[in-house]
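Student: Quick one, what's the 3D model for this:
(one chain, ligands or ions: 1)
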Amino acid sequence: MNIGVIGIGFVGAVTAAVLADQGNSIIALDIDSDKIARFNSGDIPIFEPGLKELILKNKKNLKFTADYKMLRGTEIIFVAVPTPNLNGKINLDYVYRAISSIKSINNDAIIVIKSTVIPGTGSKIKDEFNVNIVSNPEFLREGNAIEDTLHPDRVIIGGEEEYAEKVANVWKFTNSPILITTRENAELIKYASNSFLATKISFINEIANLCEKIPNADVETVAKGMGYDRRIGPLFLKAGIGYGGSCLPKDTEAFIKYAEELGEEIKIIKAARNVNEERIERIIKIMENKIGKIGGLRILQMGISFKENTNDVRESQALKLYYALIKKGANVIVFDPVSKIEGIRYCESIKACLNSIDAIVVATEWPEFKILEDMDLKIPVIDGRRILNPEKFEKYAGIGRHYGD
Ligand code: UGA
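Tutor: Below you'll find the model as predicted:
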């Protein structure tokens, strides 16, 4: 099929690359012409495992452009532009701009909204612009985006059957369950799913708090035991310093605001957000308990990205921890495999800075940080993501593990 993709961020780039690899002809558009130039020259500005290779492999049927006219002749256009929050409320300006630009080139393609939008948005756009709109929310995770797009747990499509079926055909190759429903249900499924994931993480983080007070308790084992129950499931029960990224914090906030406008208060999601906000104080408390006063200490922080396998630091809890430690007067140096942002002091290798630090704190769950286990470390190691084996360290403290002894 001839397919357009508007908005070449994580979702747009991965969607374009995977659909090109499935034999479709893709026009990928972004209004940022510098970004387009980089995609065209093979200098992919997004770090996502496997993405660059997939784009380069498919460059024959994957064209990047900033010119809307190139979308003429496409049968389906995916819209994957950002929907940031403004004062806690979703801002749909980019979505509206994309739709009017599609209208201006007289294309009657089916417009598929991949961007996260509040329920009712698709139908409103349909009425205002007289276009065929289908909602097809995205469930991919950064760092695992290609695999999630190839094998999603489910594909959700909302809209009139005739158009929804056409979009369903695009995703048939995944062999995943496809649910065709109303646009409103599809839009709601996205918010409800992300909010549930945030709640699951905050739930286990509260159990972790409890475990820290109970001798012989460990949240890892508690989560494992809970996860065997198929009604609960083992995933997203990893206790840590909290969730970040461009989705869970933003979507929970916008969902609460949206509910308020309907006269409803979603108390459980509010609580999940409050718990998440307390995570930084919590890890600092664990550090103080184990090491003493933070001010003046030289600390090596492992990780700055919001999770493993990405260079993304948006709403990163690790980044918040870094600033909180600095505020406490600590001397912090960061090691992160890929994320490099201005204003932060980095060390090039862990070994290189070991002689000049007093303690280590793990802030991002990069699997390569397990190398710390083989370093025979004598200094305190504080595990904010529970990725290390406590027995490999002389002085260890971790989230969700009794540290009073
Ligand atoms: C999230 C959802 O998982 C995707 O399904 C969704 O498509 C995406 O948002 C989106 O709306 O676009 P993502 O933000 O990429 O994906 O990352 P997650 O894997 O969900 O991780 C979010 C945060 O939760 C990270 O900071 C991670 O460290 C933390 N986390 C995750 C935990 O603390 N514990 C866990 O058990 C899992």
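
Student: Strands of the stretch 201-350 of the chain, start to end?
Tutor: 298-302, 331-335 (DSSP state E, counting those that start in this stretch).

Student: need these in CSV with mean neighbour count, mean pLDDT and distance to residue 175, can you?
Tutor: Quick note: C-beta positions are derived from backbone N, CA and C, even for glycine. Output for the strands of the stretch 201-350 of the chain, formatted as CSV (neighbours: other C-beta atoms under 10 Å; pLDDT from 0 to 100; distance: least, C-beta to C-beta, whole Å):
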stretch, mean neighbour count, mean pLDDT, distance to residue 175
strand 298-302, 24, 98, 38
strand 331-335, 20, 97, 40
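
Student: which residues sit against the helix or strand of the chain with the lowest mean pLDDT?
Tutor: Across the helices and strands of the chain, the lowest-confidence element by mean pLDDT, DSSP states H and E is helix 350-353, at a mean of 89. For helix 350-353, contacts defined as C-beta atoms under 8 Å, 6 or more residues apart in numbering pick out 300, 302, 333, 335, 347, 371-372, 375.

Student: one more time with 7 Å
Tutor: 300, 333, 335, 347, 371 (C-beta atoms under 7 Å, 6 or more residues apart in numbering).

Student: Show me what counts as buried in it.
Tutor: For helix 350-353, burial by neighbour count (16 or more other C-beta atoms under 10 Å) applies to 350, 353.

Student: cool, and stretch 335-342?
Tutor: Buried-residue list, stretch 335-342, by 16+ other C-beta under 10 Å: 335-337, 339.

Student: now stretch 192-204
Tutor: Within stretch 192-204, the residues that qualify as buried are 192-195, 197-204, counting by 16+ other C-beta under 10 Å.

Student: what's the answer for stretch 151-167, then?
Tutor: 152, 155-159, 163-164, 166-167.

Student: send the alpha carbons of it over as PDB?
Tutor: Taking Å, rounded to 0.1, in the frame of the first residue of the first chain, the C-alpha atoms of stretch 151-167 are listed here in PDB:
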ATOM      1  CA  HIS A 151       4.400  -8.500  17.800                       C
ATOM      2  CA  PRO A 152       2.000  -6.300  19.800                       C
ATOM      3  CA  ASP A 153      -0.200  -7.900  22.500                       C
ATOM      4  CA  ARG A 154      -3.100  -6.400  20.600                       C
ATOM      5  CA  VAL A 155      -4.100  -4.000  17.900                       C
ATOM      6  CA  ILE A 156      -6.900  -1.600  18.700                       C
ATOM      7  CA  ILE A 157      -8.700   0.100  15.900                       C
ATOM      8  CA  GLY A 158     -11.600   2.500  16.400                       C
ATOM      9  CA  GLY A 159     -13.800   3.900  13.600                       C
ATOM     10  CA  GLU A 160     -16.400   3.000  11.000                       C
ATOM     11  CA  GLU A 161     -16.100  -0.600   9.900                       C
ATOM     12  CA  GLU A 162     -15.300   0.100   6.300                       C
ATOM     13  CA  TYR A 163     -12.200   2.200   7.200                       C
ATOM     14  CA  ALA A 164     -11.300   0.300  10.300                       C
ATOM     15  CA  GLU A 165     -11.100  -3.000   8.300                       C
ATOM     16  CA  LYS A 166      -8.700  -1.300   5.800                       C
ATOM     17  CA  VAL A 167      -6.400  -0.300   8.700                       C
END
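
Student: from the chain's centre, how far out does it sit?
Tutor: Relative to the centre of its chain, stretch 151-167 is centred 23 Å away, using C-alpha atoms, centre = their mean, to the nearest Å.

Student: repeat for stretch 360-374
Tutor: How far stretch 360-374 lies from its chain's middle: 20 Å, per C-alpha atoms, centre = their mean.

Student: end to end, how far does that stretch reach?
Tutor: 14 Å (C-alpha to C-alpha, to the nearest Å).

Student: And stretch 148-161, by the same measure?
Tutor: One end of stretch 148-161 to the other measures 25 Å (C-alpha to C-alpha).

Student: Identify the residues contacting that stretch?
Tutor: Against stretch 148-161 from outside (C-beta under 7 Å, 6+ apart): 14-15, 18, 122, 133-137, 139-141, 164, 167-168, 171, 174, 176-183, 185-187, 189.

Student: now, which of those residues lie within helices?
Tutor: Applying DSSP state H to those, the entries found in helices are 14-15, 18, 122, 164, 167-168, 171, 183, 185-187, 189.

Student: Dump these into CSV; add distance to residue 366 and pLDDT as well.
Tutor: CSV is the format used below for the ones in helices among the contacts of stretch 148-161 (distance: C-beta to C-beta, whole Å; pLDDT from 0 to 100):
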residue, distance to residue 366, pLDDT
14, 21, 98
15, 26, 98
18, 25, 98
122, 37, 98
164, 39, 98
167, 36, 98
168, 37, 98
171, 31, 98
183, 38, 98
185, 37, 98
186, 34, 98
187, 33, 98
189, 31, 98
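
Student: Can you tell me which of the residues you listed are buried?
Tutor: 14-15, 18, 122, 164, 167-168, 171, 183, 186-187, 189.

Student: Any chance of CSV for those residues, columns distance to the ligand?
Tutor: As requested, these are exported to CSV (distance: C-beta to the nearest ligand atom, whole Å):
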residue, distance to the ligand
14, 10
15, 12
18, 14
122, 17
164, 20
167, 17
168, 19
171, 15
183, 18
186, 13
187, 12
189, 11
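
Student: which among the residues you listed gets closest to residue 39?
Tutor: When these are ranked by distance to residue 39 (C-beta to C-beta), residue 14 comes first, at 12.7 Å.

Student: Now do the contacts for that closest one.
Tutor: 48, 51, 140, 145-146, 149.

Student: Out of those, who's the most crowded?
Tutor: Highest neighbour count within the contacts of residue 14: residue 145, with 25 neighbours (other C-beta atoms under 10 Å).

Student: Can you name the residues of this structure sitting close to the ligand?
Tutor: 116, 138-142, 194, 197, 201, 236-238, 240, 243-245, 247-248, 306-307, 365 (C-beta under 6 Å from any ligand atom).
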